[in-house]
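Trainee: I'd like to go over a predicted model; first the sequence, then the structure.
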Amino acid sequence: MKLKITLLALLGWHFAGAQGTCATATPITPGTYNAVFTAGSQVPSLICTGEINNPTTLGIWFSFTPTATITATVNTNVSGYPNRDTRVHVYSGNCETLICVAGNDDAGNGQLTSLANFTATAGVTYYIAFDNNWDSNSFHFTLSESVPSSTSFSQQSISMTGTQYCIVDLNGDYLDDIVAPVNNGVNVLYQSANGSGFTQASLTAPSTVYMPSWSMAAGDFDKNGFNDLLYGSGSGATVMLANATGTAFETAFISTQYLFSQRTNFVDINNDGNLDAFVCHDVQPNCYFLNDGAGGFTFHQGGLGDFASGGNYGSIWIDYDNDGDSDLFIAKCRGGSDAAIDELHRNNGDGTFTNVAQQAGFADLHQSWSSAWGDFDNDGDMDVLVGGSSSPHKLMRNNGNGTFTNVTVGSGFESYTTNIEHTAHDFDNDGYVDIFGGGNIIMHNNGDMTFSPISVSASNGPIGDLNNDGFLDIQNGNTLHINNGNDNHYLKVHLQGVESNRNGIGARVVIYANGAPWSQQIRDVKSGDGFRYMSSLNTHFGLGSVTELVKLVVIWPSGTIDMIDYPTIDSAILVVEGSTLSVQDNVNKMFTLYPNPAKEVLNIQGSASFEPVRATIYNLEGKLVKKQDIKNTSIPVQQLAKGTYIINLQDKEGKNYSAKFIKE
């Protein structure tokens, strides 16, 4: 294979002069190619991206005709070659009548590189064109093939009654159970560890409570090791607490004020290590039960969405600005009035929040019931689809600077108008987060901020791994839609907080891989997403064909950081807060550190191909103590206290390596 790629690269050089027009496009097959702009070349005039269009004067053209129906990937981030600011367009049709199939500006894993995925049908010729919208330098790209992503489900019947359903672990074994509240009780189907089925139980619960007619959330409010439930109704809200053995619900906190609940969430609002209960109020400012950590709470209204007439529908807590604390997005809907302007509340880190929707790009009149947040382009920050109720959907890409760009045009969502419930999960385990809306359609993530509809048997419902096989399933009442799976790999991460809340809600979980179509994936642990349903608290990653991960990182709400090198794939890993760094032996063969122990400066000596660009240093408690871009091969450490540290080095391709050192 290495020889084949080398020969293809040489062919790319040889035919550089023939890449100038659609009619003379160079035929290629999977491999690595050099692309060179030449004077007088044909400029692609049909633009297949939603980015800025600068004056363009040059083009490069290739053609590709697959022998089987596959998923094709064009990637200009190529190991061993400089990253260039590229833009790619993929067409079907013919040179006289081209049709956009895919396009991308800078969704590649490297800075400003391009990554475009598309389904290529056997025998059909596709034209791959680059322009000099940003850069006229030559560059390298790869064309690769993979089996088309497939997501399908088999139906399985259950017998269960309830006023609302959720999927969450209810007996402390980290397996997803099915939970349905009823009057004076909670019905449960406990999942068997071997994936063979369920054991049914009916747990007693207090009566005279507000039942979850609108939404439900789950989390360990009192830190006793068993998840509690948060009910939202049209008149009030209830926090239902499990007993010390998880065999019944014995206490209920009930709101005494009128509360027209929509979305509910468990979240640690003031980051004191205790979960609070947040409730969207339809017709007044929002409310929350602030956990006092001693078995009680104080009820608050206002401060997190204060519009007088409410309009608050779908709340979700995520870290949009990567500063380590949970922010609040509220999808709003109210008949075209100002109450339909979405809100983004930035966590200031001191218990206060600021609505930054205007600065971030969300403060337009847009009626929505829910939003789906995920790192859709795997670049390390959270993007979002804001679902439309009476308005079009909006796909917003995180710019990494506190603002977002509307990239709906060309994404597949510009004409998608189905439903009010939207969630973000990787259903086919290909490593890219999909979006599940309504109309029995999953919008499959093509990896380049475009999405393709896949018809499935399931409609909206709670989501989790109901047979412990590493693939996500969906519940619709008494019908389970069990994911048929495929050959892709996965990783599940279970969290147990110590200083942070027990569930690790608000934690950021990151995985890293070398040589994959992606270099990292991120997840934020949250209780309650979409508009109505509660899905698994377990963190799920699809890995595609990746067979080795180099690192798993958990950044807890407390600031503790746990790191596990080379976590085992196709498994579930339990991470207890603060348990990993002190016992790990981080040794790396890519570089050496000297002097070690160090007093003033830590020097890095690596192979000729190793070029670190960024360093992060953690103490053995997992706390981040230093972060610095590397402009030479040394890092000042004189300000560090004496002790043992772990340094993580990221190279120019986004790969991560770590080792221990001692500060004298």
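Mentor: On my side now, so go ahead.
Trainee: quick one: low-confidence parts of the stretch 251-400 of the chain?
Mentor: 335-337, 390 (pLDDT under 70).
Trainee: now the helices for it?
Mentor: Per DSSP state H, counting those that start in this stretch, the stretch 251-400 of the chain carries helices over the ranges 357-360.
Trainee: Just list whatever residues bridge to the residue nearest to the spatial centre of the chain.
Mentor: Centroid-nearest residue in the chain, with C-alpha atoms, centre = their mean: residue 374, separated by 3.2 Å. Beta bridges link residue 374 to residue 383, judged by DSSP bridges.
Trainee: Now residue 537: closest residue in space that isn't a chain neighbour?
Mentor: Closest residue to residue 537 apart from its sequence neighbours, by C-beta to C-beta, 6 or more residues apart in numbering: residue 503 at 5.5 Å. From N, CA and C alone the C-beta is placed, and that goes for glycine too.
Trainee: Quick one: residues contacting the one you found.
Mentor: 219-220, 227, 266, 275, 495, 497, 525, 527, 537 (C-beta atoms under 8 Å, 6 or more residues apart in numbering).
Trainee: before we move on, what about residue 531?
Mentor: By C-beta under 8 Å, 6+ apart, the contact set of residue 531 is 215, 262-263, 313-314, 331, 369-370, 420-422.
Trainee: From residue 459, how far off is it?
Mentor: According to C-beta to C-beta, to the nearest Å, residue 531 and residue 459 sit 13 Å apart.
Trainee: next helix or strand past the helix or strand of the chain with the lowest mean pLDDT?
Mentor: Across the helices and strands of the chain, mean pLDDT, DSSP states H and E gives its lowest value to helix 2-14, namely a mean of 31. Sequence order places strand 26-27 as the next helix or strand after helix 2-14, per DSSP states H and E.
Trainee: right, and the helix or strand after that following strand?
Mentor: Strand 26-27 is succeeded, C-terminally, by strand 31-35 (DSSP H and E).
Trainee: State the mean pLDDT of that next one.
Mentor: Mean pLDDT, computed over strand 31-35, is 94.
Trainee: list the helices and strands the following helix or strand past it packs on?
Mentor: The helix or strand immediately downstream of strand 31-35 is strand 59-64, counting by DSSP H and E. Other helices and strands packing on strand 59-64, by 3 or more C-beta pairs under 8 Å, 6 or more residues apart in numbering; DSSP states H and E, are strand 26-27, strand 31-35, strand 126-131.
Trainee: Apply 7 Å and report the result again.
Mentor: On a contact count with 3 or more C-beta pairs under 7 Å, 6 or more residues apart in numbering; DSSP states H and E, strand 59-64 meets strand 26-27, strand 126-131.
Trainee: ok, and what's touching whichever helix or strand comes after it?
Mentor: The helix or strand immediately downstream of strand 59-64 is strand 70-75, counting by DSSP H and E. The contact list for strand 70-75 (C-beta atoms under 7 Å, 6 or more residues apart in numbering) reads 64, 66, 88, 90, 108, 115-120, 128, 141-149, 517.
Trainee: Now residue 230: closest residue in space, sequence neighbours ignored.
Mentor: residue 217 (4.2 Å).
Trainee: residues in contact with the helix or strand containing that neighbour?
Mentor: Element membership for residue 217 (DSSP H and E) is strand 215-219. Residues outside strand 215-219 that contact it (C-beta under 7 Å, 6+ apart) are 164, 166, 168, 227-232, 261-266, 275, 503, 505, 527-528, 532, 534, 537.
Trainee: Paired strands for it, with orientation please.
Mentor: strand 228-232 (antiparallel).
Trainee: Can you name the residues in contact with the partner strand?
Mentor: Defining contact as C-beta under 7 Å, 6+ apart, one finds that strand 228-232 is touched by 181, 209-212, 214-222, 237-242, 261-262, 264, 266, 277, 279.
Trainee: if I look at residue 157, how far off is residue 482?
Mentor: Noted for residue 157: a distance of 11 Å to residue 482, by C-beta to C-beta.
Trainee: same check, this time on residue 516
Mentor: Computed as C-beta to C-beta, the residue 516 to residue 482 distance reads 28 Å.
Trainee: residue contacts, the closest residue to residue 123 other than its chain neighbours?
Mentor: Sequence neighbours aside, residue 65 is the residue nearest to residue 123 in space, at 6.8 Å (criterion: C-beta to C-beta, 6+ apart). Each residue near residue 65 by C-beta under 7 Å, 6+ apart is listed here: 123-125.
Trainee: who wins for most neighbours among the residues you listed?
Mentor: Most neighbours among the contacts of residue 65, by other C-beta atoms under 10 Å: residue 125, with 15 neighbours.
Trainee: Quick check: that residue touching residue 62?
Mentor: No: the criterion here is C-beta atoms under 7 Å, and residue 125 misses it with residue 62 at 10.7 Å.
Trainee: any shared contact partners between those two?
Mentor: Listed as contacting both residue 125 and residue 62 by C-beta under 7 Å, 6+ apart is no residue at all.
Trainee: burial of the closest residue to residue 334 other than its chain neighbours, as a residue count?
Mentor: With C-beta to C-beta, 6+ apart as the criterion, residue 334 has its nearest non-adjacent residue at 3.6 Å, and that residue is residue 311. Using other C-beta under 10 Å, residue 311 has 27 neighbouring residues.
Trainee: Show the contacting residues for residue 311.
Mentor: For residue 311, the contact set (C-beta under 7 Å, 6+ apart) comprises 332-334, 339-340.
Trainee: pLDDT on the helix or strand where residue 648 lies, on average?
Mentor: Applying DSSP H and E as the criterion places residue 648 in strand 643-651. For strand 643-651, the per-residue pLDDT values average out at 84.
Trainee: Quick check: what element follows that strand along the chain?
Mentor: That would be, after strand 643-651 and using DSSP H and E, strand 656-663.
Trainee: quick one, strands of the stretch 101-250 of the chain?
Mentor: 115-120, 126-131, 139-146, 153-157, 166-168, 177-182, 185-191, 198-204, 215-219, 228-232, 237-242, 249-254 (DSSP state E, counting those that start in this stretch).
Trainee: Repeat that for the stretch 551-664 of the chain.
Mentor: Under DSSP E, counting those that start in this stretch, the stretch 551-664 of the chain gives strands at 551-555, 561-565, 572-576, 591-594, 601-606, 612-619, 624-629, 634-636, 643-651, 656-663.
Trainee: If anything else comes up later, I'll come back, but that's it for now.
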